[in-house]
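heads up, no residue letters with this:
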């Protein structure tokens, strides 16, 4: 509404941020949050046993963590900010206003985290000169692990808020936003999952790095497997707790979120596959505790890949089930606030979209106006020809017979009731008709749909300059004064 629309049609906005965000979360959970406590545990074991092999192994593992988190992890973290700001600036702007001081603290913690991992890694080899220096170095590792967890704990508050703002809807305070109903259950789930992922990842790398010292490998694998097994039990409890606080309307979206609309009947089968996958990881850990020297490395690798895939699918499902909202009960996925719908449905969305090139639907501009409406209301989630394309959806619904604008309009008017995860149409009747004329025109010859980054933006007019929520400019007044 208030910003130009960024859009890449072949991949879509959702996929653009999903690829970046999922990769970042995997690195954060498995290496930053989950693996660093294991490194500190190994360093402590070296101090306690006075066996330098523990220290050498911990340093090799930390090198992997350091390289990946400070390169790919850092770049994807910045990428989330860029992609979120481009794709849904209204949503990220609202979150910044609510969590300004929370993010302020998170950035301080993040800077401390970066400083700590630099100091921890770069001072490792010089820290073994005296026992006192080694203990100080171990404390660096412990603080690094704690600060990495705090960073996640702050971000989880924002993720929980986006699913269910809770009392913030009435209180509008930072504390009520942080202490949303989803916060502690999701924090428990992500913490335990990260510890299991970090443990399994370090087990896999340990298996590789200790291939020339099998007795030592057995000792280390049993130690890390025992650590990970404890967190695995905690993960089961946290998963049940988290599932129980998910709102009922979100649970109803899970079959579509897990399998997409085309394969919704596969939901039950995938639940069994998920259960079997977690059971396999638990069995590998149990075998590694009892007989660590007899577990083949391929089983450890399979466990790592399974956990990575499950986390990726969890993030996909979590993002989808909160629909039709991007911020629960406050803002729809199209970037429009719930409270603004009555105004927009009365006046029309084109009257209030700052960068709309057309302000009024006429008999001569229905296709062009419909494209403007599609850009403002649909492109946050849909493409024309790419991933999650609107043409694909319409072809599934109406096949090869001619698409009738009035039939499409009748569906869109009742779409939210039939498919709750779709937001209600935010515009007026003329804009709905124009949208459907545009959609029908795409059946035979779909035109390329580019965003503002390719097409540019229309020159702001008096309407866009004077429009604010809750008022309608007087179009007959040359000075754009409001009615």
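Cool, the structure landed. Please read all numbers here as calculations on a predicted model, not as lab measurements.

Any idea which helix or strand in the chain has the lowest mean pLDDT?
In the chain, no helix or strand scores lower on mean pLDDT, DSSP states H and E than helix 462-466, which sits at a mean of 63.

Now do the same for residue 208: its pLDDT.
On pLDDT, residue 208 comes in at 96.

A helix includes it, no?
Yes - under DSSP: H, G, I helix; E, B strand; the rest coil, residue 208 sits within a helix.

just wondering, since we're on it, how far is it from residue 195?
Distance, residue 208 to residue 195, using C-beta to C-beta, to the nearest Å: 21 Å. No exception for glycine: its C-beta is placed from N, CA and C like everyone else's.

Repeat that for residue 78.
Distance from residue 78 to residue 195, by C-beta to C-beta: 26 Å.

Ok, residue 151 next?
Residue 151 is 15 Å from residue 195, by C-beta to C-beta.

Compare these two and say which is more crowded by neighbours.
residue 195 (25 against 21; other C-beta atoms under 10 Å).

list the contacts for that one?
33-34, 37, 227-228, 231, 234-235 (C-beta atoms under 8 Å, 6 or more residues apart in numbering).

Make JSON lines from those residues and add neighbour count, distance to residue 432 and pLDDT to it.
Converted to JSON lines, the contacts of residue 195 look like this (neighbours: other C-beta atoms under 10 Å; distance: C-beta to C-beta, whole Å; pLDDT from 0 to 100):
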{"residue": "33", "neighbour count": "24", "distance to residue 432": "46", "pLDDT": "97"}
{"residue": "34", "neighbour count": "30", "distance to residue 432": "49", "pLDDT": "97"}
{"residue": "37", "neighbour count": "23", "distance to residue 432": "55", "pLDDT": "98"}
{"residue": "227", "neighbour count": "21", "distance to residue 432": "58", "pLDDT": "97"}
{"residue": "228", "neighbour count": "28", "distance to residue 432": "54", "pLDDT": "97"}
{"residue": "231", "neighbour count": "22", "distance to residue 432": "52", "pLDDT": "97"}
{"residue": "234", "neighbour count": "17", "distance to residue 432": "50", "pLDDT": "97"}
{"residue": "235", "neighbour count": "24", "distance to residue 432": "47", "pLDDT": "95"}
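
among these, which are in helices?
Here DSSP state H is the test, and these give 37, 227-228, 231, 234-235 as lying in helices.

Switch those residues over to TSV, and while doing so, append distance to residue 422 to every line.
As requested, the ones in helices among the contacts of residue 195 are arranged in TSV below (distance: C-beta to C-beta, whole Å):
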residue	distance to residue 422
37	42
227	45
228	41
231	38
234	37
235	33
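
for those, which one is nearest residue 373?
Lowest distance from residue 373 to these (C-beta to C-beta) belongs to residue 235, with 45.5 Å.

check which helix or strand covers the closest residue to that closest one other than its chain neighbours.
The shortest distance from residue 235 to any non-neighbouring residue, by C-beta to C-beta, 6 or more residues apart in numbering, is to residue 192 (3.9 Å). Assigned by DSSP states H and E, residue 192 falls within helix 183-209.

For that helix, buried residues please.
If you call a residue buried by 16 or more other C-beta atoms under 10 Å, then helix 183-209 has these buried ones: 183-207, 209.

And stretch 365-375, by the same measure?
Quick answer for stretch 365-375 (16+ other C-beta under 10 Å): 366, 369-375.

quick one: low-confidence parts of the stretch 51-200 of the chain?
Of all residues in the stretch 51-200 of the chain, none has pLDDT under 70.

Show me where it has its helices.
Using DSSP state H, counting those that start in this stretch, the helices of the stretch 51-200 of the chain run over 52-68, 74-87, 89-98, 100-122, 131-163, 168-171, 174-178, 183-209.

Out of those, which is closest to residue 419?
helix 131-163 (19.0 Å).

Off-centre distance for that closest one?
Offset of helix 131-163 from its chain centre (C-alpha atoms, centre = their mean, to the nearest Å): 21 Å.

swap in stretch 121-129?
On C-alpha atoms, centre = their mean, the centre of stretch 121-129 falls 37 Å from the chain's centre.

give me the low-pLDDT residue ranges for the stretch 351-483 of the chain?
463-483.

Is residue 408 in contact with residue 391, as I believe?
No - assessed by C-beta atoms under 8 Å, residue 408 is found out of contact with residue 391, at 12.0 Å.

Pick out whichever of those two has more residues nearby.
It is residue 408, of residue 408 and residue 391, that has more neighbours when counted by other C-beta under 10 Å, with 22 against 17.

Nearest residue to that one in space, please, no chain neighbours.
residue 436 (4.2 Å).

residue contacts, the one you found?
So residue 436 contacts 370, 405-406, 408-409, 412 (C-beta under 8 Å, 6+ apart).

coming back round to it: please convert the helices of the stretch 51-200 of the chain to JSON lines, extending it with distance to residue 222.
Formatted as JSON lines, those follow (distance: least, C-beta to C-beta, whole Å):
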{"stretch": "helix 52-68", "distance to residue 222": "13"}
{"stretch": "helix 74-87", "distance to residue 222": "34"}
{"stretch": "helix 89-98", "distance to residue 222": "44"}
{"stretch": "helix 100-122", "distance to residue 222": "25"}
{"stretch": "helix 131-163", "distance to residue 222": "21"}
{"stretch": "helix 168-171", "distance to residue 222": "46"}
{"stretch": "helix 174-178", "distance to residue 222": "39"}
{"stretch": "helix 183-209", "distance to residue 222": "10"}
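
Looking at those helices, spot the one closest to residue 251.
Closest among the helices of the stretch 51-200 of the chain, once you apply C-beta to C-beta, is helix 131-163, at 11.8 Å.

Okay, buried residues for that closest one please.
Buried residues in helix 131-163 (16+ other C-beta under 10 Å): 134, 137-138, 140-163.

From residue 282, how far out is the residue nearest to residue 187 when sequence neighbours are not counted?
Computed as C-beta to C-beta, 6+ apart, the closest residue to residue 187 that is not its neighbour in sequence is residue 156, at 4.8 Å. Distance from residue 156 to residue 282, counting by C-beta to C-beta: 24 Å.

same deal with residue 419?
Distance from residue 419 to residue 282, by C-beta to C-beta: 37 Å.

Same drill for those two, tell me which one is more crowded.
Each of residue 419 and residue 282 has its neighbours counted (other C-beta under 10 Å); residue 282 has more, 18 against 14.

what residues are up against the more buried one?
229, 232.

what does the domain assignment say about the chain?
13-332, 338-466 (automatic domain parsing).

partners of residue 325 in the sheet?
residue 332 (DSSP bridges).

Would you check that it makes contact with residue 336?
No - assessed by C-beta under 8 Å, residue 325 is found out of contact with residue 336, at 10.6 Å.

so what sits against both of those two?
residue 423.

now do the same end-to-end measure for stretch 432-452.
22 Å (C-alpha to C-alpha, to the nearest Å).

and the residue nearest to residue 187, what is it in contact with?
183, 186-187, 190.

tell me which of the contacts of residue 195 is nearest to residue 99?
Nearest to residue 99 among the contacts of residue 195, with distances taken as C-beta to C-beta, is residue 33, at 19.8 Å.

Please give me every residue in contact with the closest one.
Applying C-beta under 8 Å, 6+ apart, the residues near residue 33 are 148-149, 152, 190-191, 194-195, 198.

if we go to 6 Å?
148-149, 152, 194 (C-beta atoms under 6 Å, 6 or more residues apart in numbering).

Right, I'll call it a day here.
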